[in-house]
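> I'll drop the sequence and a predicted model, then ask my questions.
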Amino acid sequence: MTKTPAPAVELRGLAKHYGDVVALTDVDLSIAAGEYFVLLGPSGGGKTTLLRTIGGFHRPTKGEVLLHGQEVGHLPPDKRPTTMVFQAYALFPHMSVTQNVGYGLKVAGMDKAQAAEKTAAALEMVGLDTFADRRPHELSGGQQQRVQLARAFVLDRDILLLDEPLAALDAQLRKDMCLELKHLQEKVGITFIHVTHNQEEAMTVADRIALIANGRLVEHGAARDIYRAPQKAFTASFVGENNLLSGRVTETAGQTARIDVGGTALRVDRRGQQVQTGQDVTLSIRSESVALDTAPDTEEDGTSLVGSYNEAVYLGLTTSHLVHLPDGTEMVSRVIADQDDMMPAAGAPVRLSWQPDAIRLHVE
Ligand code: ADP
Ligand code: MG
C-alpha cells in the first residue's frame, strides 16, 4: 500500500492580526507538493501576510502551518523548507552571478568544491551558465530574476515563495517571465507559491488559484475552473471580464431558478445551490459569452436582456460593445474585432443574449 504524501503546505484555521488590524481570518488551505499555486486578490487583502506566515516571518495569531506534514509554528524561516524570492532584486551588486548564487552555501559553511558544483548546476537549471561571471548591472531584469531563482534552488528548499515577483517589470517582460517561471517550475518540479494581484499573470502560471480578499480565502480551484465557473460573485468580479447583475428569485423548479432582473425574467441553472423565492442574488456572465443583436423585439426567452446601445471600445484583438440596461447597469458584449460589422447608433435598442449555461447564479 502506498502512502499519500503529506501536502507541501497545509493551513488550519489560520489567523493573523497586527494589533487591531485583522489581516487574515480562518484560512484553511492545502497545497500539494509540486503544484504551481497562486494567491490572487486585491491589494490589502492579506496575500503577503499569508505568504510570510508560511515562510516563518510572521507568527500566526491563531491556527497552524504544516509543511510536509510537520507543524512548523516554532521554526524560524531558515529552518523551514521554504525560501522567499523578494520583489526588489536583492542581489549583491559587487558580486558576480556565481558569487550571488553561491553566497547562501558559503554562509552555511559548505565545502568549496561541492558548493561550486551545486552553484553551477543551479545556474544551468535557470539557463544562466554562460552569464556566470557577470555582475547584476550587466543583466536584464529577467536575468536578475533568474539569479534569484537559482539562489533559491541551490539551497535545496522545495517550497518557493514568490511575492509579486514580476511587479517591477514592464508589460512585455512580465509576460515573458511569466511563461519562464511556469516552465522553470515544470522543469524543477518543486512547489511554487506565487502572490499576485494580476489575474492574467495568475492564469498564465497557475495550476491552482486561491482568491484572497479582506483577509479571507474566498474560493480556490483549478485556474480554468476559477475563470470558467466562479462560485462566488467576488471571484466573477475579479477574474475575467464578467457582467454582474443583481436580481431576485421569483421561482424555482428543479435545477432551474427564475430570476427577476429589472423586470425581465431570466432562467438560470442553480447548479445545486439552494435559493428561496424572494432572495436577492447576483448573476454573472462573461462579456465574451454575450452576443449583441439589433433586433430587440424577438420573444422573451429567459436568456436575454434588452438595453440601449452606448458605444464600442476597440481593443485591438477584441471590441467591447457597451450597452445600458434601463436601470443604468452597464453590460459588455465582447467580440473578436473585425468579425462583426455591427455598429448600432448610440441609443438604439439592442438585445443581449447568451447560451443558457453561460450565466451563473451566486448566492454570496
Ligand atoms: P496584500 O499583500 O494582499 O496587499 P497584506 O498582507 O500586505 O495584503 O496586508 C493585509 C492587511 O494587513 C492590510 O490591511 C495591511 O494594511 C495590514 N498590514 C500588513 N502588514 C502590516 C503590519 N506590519 N502592521 C499593521 N498592519 C499591517
Ligand atoms: Mg502584498
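The structure has been received and is ready for your questions. Ligands and ions are numbered 1, 2, ... in the order given.

> flag every residue of the chain that's near ligand 1.
Within the chain, the residues that sit near ligand 1 (CB under 6 Å from any ligand atom) are 18, 21, 23, 41, 43-49. From N, CA and C alone the C-beta is placed, and that goes for glycine too.

> show me what contacts the closest residue to Ala236 other than its chain neighbours?
Nearest non-adjacent residue to Ala236, counting by CB to CB, 6 or more residues apart in numbering: Ser284, 3.7 Å away. By CB atoms under 8 Å, 6 or more residues apart in numbering, the contact set of Ser284 is 230, 233, 236-237, 242-245, 359-360, 362.

> next, work out how far apart Leu123 and Asn310 are.
55 Å (CB to CB, to the nearest Å).

> walk me through which strands the helix or strand where the residue nearest to Ala236 lies pairs with, and which way each runs.
Using DSSP states H and E, Ser284 sits within strand 280-286. Sheet partners assigned to strand 280-286 using DSSP bridges are listed as strand 242-253 (antiparallel), strand 360-362 (antiparallel).

> please enumerate the strands of the stretch 201-350 of the chain.
208-213, 216-222, 242-253, 256-261, 264-269, 280-286, 291-293, 304-314, 318-324, 330-336, 349-353 (DSSP state E, counting those that start in this stretch).

> so which of these is nearest Pro93?
strand 208-213 (34.0 Å; CB to CB).

> angle of the closest one against strand 216-222?
Taking axes from the mean of the first three to the mean of the last three CA atoms, to 10 degrees, one finds strand 208-213 and strand 216-222 inclined to each other by 160 degrees.

> what about strand 208-213, distance to the chain center?
Centroid separation for strand 208-213 versus its chain: 6 Å, with CA atoms, centre = their mean, to the nearest Å.

> can you list the buried residues in it?
208-213 (16 or more other CB atoms under 10 Å).

> ok, now stretch 126-143?
Result for stretch 126-143 [16+ other CB under 10 Å]: buried residues 126, 128, 131, 134, 136, 139, 143.

> show only the entries of those found in strands.
In strands, defined here by DSSP state E, there are no members of the buried residues of stretch 126-143.

> ok so, going back, export the strands of the stretch 201-350 of the chain to a markdown table and tack on mean pLDDT?
Output for the strands of the stretch 201-350 of the chain, formatted as a markdown table (pLDDT from 0 to 100):
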| stretch | mean pLDDT |
| --- | --- |
| strand 208-213 | 98 |
| strand 216-222 | 97 |
| strand 242-253 | 96 |
| strand 256-261 | 96 |
| strand 264-269 | 96 |
| strand 280-286 | 97 |
| strand 291-293 | 92 |
| strand 304-314 | 94 |
| strand 318-324 | 94 |
| strand 330-336 | 94 |
| strand 349-353 | 94 |
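
> quick check: which of the ones you listed is buried the most?
Comparing the strands of the stretch 201-350 of the chain by mean neighbour count (mean count of other CB atoms under 10 Å), strand 208-213 ranks first with a mean of 24.

> run me through the strand neighbours of that strand, direction for each.
strand 36-40 (parallel), strand 216-222 (antiparallel).

> give me the distance between Gly272 and ligand 1.
31 Å (CB to the nearest ligand atom, to the nearest Å).

> how many residues are close by the closest residue in space to that residue that isn't next to it in sequence?
Closest residue to Gly272 apart from its sequence neighbours, by CB to CB, 6+ apart: Gln255 at 7.6 Å. Neighbour count of Gln255, defined by other CB atoms under 10 Å: 11.

> surely Gln255 touches Arg270?
Yes: Gln255 is in contact with Arg270 according to CB atoms under 8 Å; the separation is 5.2 Å.

> pretty sure Cys325 is touching Tyr309, no?
No Cys there; residue 325 is Leu. No: the pair Leu325 / Tyr309 is not scored as a contact, 11.6 Å apart, by CB under 8 Å.

> run through the residues that contact whichever residue of the stretch 51-200 of the chain sits closest to ligand 1.
In the stretch 51-200 of the chain, the residue that lies nearest ligand 1 is Val195 (6.4 Å; CB to the nearest ligand atom). Neighbouring residues of Val195 by CB under 8 Å, 6+ apart: 38-39, 47-48, 50-51, 162-164.

> so where does it fall, helix or strand?
Using DSSP H and E, Val195 falls in strand 191-196.

> that strand to strand 36-40, inter-axis angle?
20 degrees.

> mind checking how far His68 is from Leu155?
From His68 to Leu155 the distance is 16 Å (CB to CB).

> next: Arg224.
33 Å.

> Phe37 now?
20 Å.

> what's the answer for Leu149, then?
11 Å.

> okay, these two: which has more neighbours?
Leu149 (25 against 16).

> in contact with the nearest residue to the more buried one once chain neighbours are set aside, which residues?
Nearest non-adjacent residue to Leu149, counting by CB to CB, 6+ apart: Val126, 5.4 Å away. By CB under 8 Å, 6+ apart, Val126 lies in contact with 146-147, 149-150, 153, 184.

> please apply the same query to Thr282.
233, 236, 244-247, 361-362 are the contacts of Thr282 under CB under 8 Å, 6+ apart.

> what do you get for Val27?
11, 13-15, 50, 63, 216-217.

> please repeat the previous calculation with a cut-off of 7 Å.
11, 14, 50, 217 (CB atoms under 7 Å, 6 or more residues apart in numbering).

> of those, which belong to helices?
Leu50 (DSSP state H).

> which one of the contacts of Val27 is nearest ligand 1?
Leu50 (6.8 Å).

> if I look at Ala167, how far off is Gly278?
45 Å.

> cool, Val249 as well?
Taking CB to CB, one finds Val249 at 6 Å from Gly278.
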